[in-house]
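>>> what follows is a predicted protein model with its sequence.
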Amino acid sequence: MRTQPEGVAAPQTVSPLEAFSGAIARTKTGPLYKAGLAIVAFAMVLLPLIYLALIGFAAWAVLFHLKNDTWIFEGASGRGSLIRLILYLGPAVAGGILVFFMVKPFFAAKASAPEPITLDLSNEPLLFAFVQKICALVGAPAPCRIDVDCQVNASASLRRALWSKDLVLTIGLPLASGLDMSQFAGVLAHEFGHFAQGAGMRLTYVIRKINFWFARVVYERDSWDVKLEQASRGTDWRIAIVLHAARGCVWFTRRILWALMHAVHAISCFLLRQMEYDADSYEAKLAGSDAFASTATRLRVLNVATQIAYKDVRQSWANNRLPENLPLLIDHKAGSLPSEVYQKLSASTAAEKTGWFDTHPCDADRIRQVRRLNEPGVFRITEPAARLFSDFGELSKTVTRHQYEKHFELEFTEQNLMSAEEILRESAASAEAGAMVRKYCGSVNISLHPLLTTGELPAISDRSDALANWRAARLATENLRAEAEKISAECVEQLRRLAGLISAHNLAKAGFKLEPKEFGLPESATSPGELVIAARCVLNEASAAISDRLTKLEPFMAALRQRVTLALRLAPANGTSLNPDVASEVTELARVLAAVGAEMPRAHEMGPKLNAFMLLAQNRGNHSDPAEVDKAVSKLAAELQAVTTAIQDRLKHFTYPFPHARGRLTVAEYARSEKPAESDWQRAYLDGSAHVDRLFALHYRLVGRIFAHGGAAETRLEKQ
């Protein structure tokens, strides 16, 4: 880890501002780059014009029809008059709806983003001076504002509009905690390198704005789209014909725009990739070609670490606790990744290829391009980049709170926040648990079969026999692991299949029409009744396959159980006394693990039902008879509530064994959702979801702790 103690400025031998050893030559753009600028500029102008032309054509067609097709009424009488009126007004109404839906995106409000955290020059003089120095070297305008967030990214963007010269620099603090100064300076040089070319800078702004706007036109749906769909389903058939025709026209128009969007996206992507190569050259010139490769690798590591850190945040929030310093947690995770993660990252980087629709070249291509430049770099300080900030620790806490409040929309107090020391301790414990599970189980899913069937460790009457049995069990787990990993993977795949089948079964029972192929059902099943029968048959097959694999998994789990429990019993009997606190913790963990492990089948059972519950509730408005959906949802809610009530009754006697923001509580209280519910359905869903998420997380943590104690016990036994 590179992070200094929070709030402490480490001594520096050389000021970063004095460490730049030369100037940077401006990167020249070739004829291909300039040709790309011209082509993309033309396409970016053409696309909006085509869209406006389509709107104009649709409006003209409506007016033309109203003016020239009055002949429809000639000779009309009686009931035929109504039909002719529909034939005359129907296309006009459908066309009017189409024009409305095409014009609507111009007035659609964008989703408002949370206000960023902006740094003050007076509080961060070194950082601002450092940034201005890089801008001067690159030949880009200095930013008028510097914002910070919790992303593993940095970006520079125009503050106002196309002709604005005001740049806003956004720095992700995980970059500052995870990179050294040379790497960090290179990243900033890359971002400002985009703005060294004035025409490219402004065209990039146009490209991104237009691409984003058209993506909204093609993909975004709002309440008007929902109202049109609902109106076409629940109205008189004569009116429904007109509304369905309007929906068809809207769909067809969006398909045209989809094709145009992708065509221009492909053209613009070529230019955007060239701009990335151009910006990469500035990064290499500032930090060096070798630093560019190490930075690319480090960024991948930080992104993986961020995913793991946010997973920890979700698990911590289940306990009403939140890490108060996300950049610190991410940096710690990056420093504790297992070696196989680095191997996978390296392999994926080598195997990557740049696609036609990629806005960025793949890392392998970028690294090869930069190595050809063979730039030595003009800034080579390898001290932590966090030292550029006056009080990085306090700033990280502020940005972390902002992330929770504004982006995650969590409600919390100071009592919910974990200190830096707690973060590192919890993170280390989580990493240890993962390492121990991998050591003992490999990739076997430990939730499929209980590790402990009883909370009591086995008594030892003959130590020699027990020691021999432990050695035999250890050998058996090593010999059986490869086959167990294969069986576990097959079982997990069957569980995924089962989840889809349970959803299909419930949807079909409620009367929904399904695409059989999407759910792995025979294509001959078309009606809801046939789908129900087919789903039930395939469900039985999947359940039998899961049961068969769980039976095959038992020999490995039995050997693992014997190995761990015997090690825990034998270690204190080798002439050395076990720490009383450790002995007490092992006893308590074993009791809780046995109880929670026994609930894992119910947790696996609830997961698919929760998914089916959500699908039914979300599609209620699309059903011709919502009352049928209500019956199915109520049935699932009752089943979920029955399962959670039974789990609560069995786990209420066990104390939650880890620190919790709510203080001392039972495992049942921990598993139950504390969120208020507005209905019985919501109560069933919230409780079911909380039980599934929290019991799986608690089970994994318990297993990891037991394995950690078992590993320590085995170390002592091996020394005998």
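Alright, I've got the coordinates.
>>> quick one: name whatever helix or strand follows the helix or strand containing Ala472.
Here Ala472 sits within helix 463-509, counting by DSSP states H and E. For helix 463-509, the following helix or strand on the C-terminal side (DSSP H and E) is helix 528-570.
>>> just give me how far that next one sits from the chain centre.
In this view, helix 528-570 has its centroid 29 Å away from the chain centroid, taken as Cα atoms, centre = their mean, to the nearest Å.
>>> and that helix, what does it pack against?
Counting contacts by 3 or more Cβ pairs under 8 Å, 6 or more residues apart in numbering; DSSP states H and E, helix 528-570 packs against helix 420-441, helix 463-509, helix 680-718. All C-beta spots, glycine's among them, are computed from the backbone N, C-alpha and C.
>>> so what's Ala559 up against?
Ala559 sits next to Ala473, Ala476, Thr477, Leu480 when contact means Cβ atoms under 8 Å, 6 or more residues apart in numbering.
>>> all helices for the stretch 51-200 of the chain, in order.
79-107, 125-138, 173-178, 181-193, 198-219 (DSSP state H, counting those that start in this stretch).
>>> the longest helix seen in the chain vs helix 79-107, what angle?
When the chain is parsed with DSSP state H, its longest helix is helix 237-287. Helix 237-287 and helix 79-107 are oriented at 20 degrees to each other (axes from the mean of the first three to the mean of the last three Cα atoms, to 10 degrees).
>>> so where's the stretch 1-150 of the chain uncertain?
1-13, 30, 32-34, 36, 72-80, 82, 86, 107-112 (pLDDT under 70).
>>> now the strands for it?
For the stretch 1-150 of the chain, applying DSSP state E, counting those that start in this stretch gives strands covering 117-118, 145-149.
>>> state the pLDDT value of the residue minimising distance to the centre of the chain.
Against the mean C-alpha coordinate of the chain, by Cα atoms, centre = their mean, the closest residue is Gln307 at 7.3 Å. Gln307 carries a pLDDT score of 93 in this model.
>>> sorry, back to before: highest average neighbour count across the helices of the stretch 51-200 of the chain?
The highest average neighbour count among these, using mean count of other Cβ atoms under 10 Å, belongs to helix 173-178 at a mean of 28.
>>> who touches that helix?
Residues contacting helix 173-178 (Cβ under 8 Å, 6+ apart): 2-3, 148-154, 184, 187, 298, 301-302, 305-306, 326-328, 330-331, 334, 384-386, 388-389, 392, 395-396, 399.
>>> in helices, which of those residues fall?
Among these, the members found in helices (DSSP H) are 184, 187, 298, 301-302, 305-306, 326-328, 330-331, 334, 392, 395-396, 399.
>>> got a PyMOL select line for the buried ones in those residues?
Only the buried entries of these go into this PyMOL selection, using 16 or more other Cβ atoms under 10 Å:
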select buried, resi 184+187+298+301+302+305+306+326+327+328+330+331+334+392+395+396+399
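>>> ok, which stretches of the stretch 551-700 of the chain are helices?
Using DSSP H, counting those that start in this stretch, helices in the stretch 551-700 of the chain cover 580-597, 600-618, 626-651, 667-671, 680-718.
>>> and Ser447, how many neighbours?
Neighbourhood size, Ser447 [other Cβ atoms under 10 Å]: 20.
>>> distance of Pro626 relative to Asn479?
Plainly put, Pro626 is 57 Å away from Asn479 if you go by Cβ to Cβ, to the nearest Å.
>>> please name the bridge partners of the nearest residue to Gln151 once chain neighbours are set aside.
Using Cβ to Cβ, 6 or more residues apart in numbering and skipping the chain neighbours, the partner closest in space to Gln151 is Gly172 (3.9 Å). When bridges are called by DSSP bridges, Gly172 pairs up with Asp149.
>>> coming back round to it: can you redo the strands of the stretch 1-150 of the chain as TSV with distance to Trp71 and mean neighbour count?
Shown next, in TSV, are the strands of the stretch 1-150 of the chain (distance: least, Cβ to Cβ, whole Å; neighbours: other Cβ atoms under 10 Å):
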stretch	distance to Trp71	mean neighbour count
strand 117-118	66	15
strand 145-149	64	20
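>>> can you put those strands in TSV and add distance to Leu49?
Formatted as TSV, the strands of the stretch 1-150 of the chain follow (distance: least, Cβ to Cβ, whole Å):
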stretch	distance to Leu49
strand 117-118	38
strand 145-149	34
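>>> ok, which of those strands comes nearest Lys104?
Among the strands of the stretch 1-150 of the chain, the nearest to Lys104 by Cβ to Cβ is strand 145-149 (31.7 Å).
>>> who are the contact partners of Ala697?
By Cβ under 8 Å, 6+ apart, the contact set of Ala697 is Gln315, Ala318.
>>> repeat that with 10 Å
Applying Cβ atoms under 10 Å, 6 or more residues apart in numbering to Ala697 gives the contacts Lys311, Arg314, Gln315, Ser316, Ala318, Asn319.
>>> can you check Leu326 too?
Applying Cβ under 10 Å, 6+ apart, the residues contacting Leu326 are 150, 173-174, 177, 306, 309-310, 312-313, 396-397, 399-401, 403-404, 423.
>>> could you do Ile423 as well?
309, 312, 316, 321-326, 328-329, 332, 417.
>>> again with Thr551
By Cβ under 10 Å, 6+ apart, Thr551 lies in contact with His449, Ile487.
>>> one more: the one 10 residues further on?
Counting by Cβ under 10 Å, 6+ apart, Arg561 touches His449, Pro450, Leu451, Leu452, Thr453, Thr454, Pro458, Ala473, Thr477, Glu554.
>>> right, and the second one touches Leu553 too?
Spelled out, that is Pro450. No - taking contacts as Cβ atoms under 10 Å, Pro450 lies outside contact range of Leu553: 11.1 Å.
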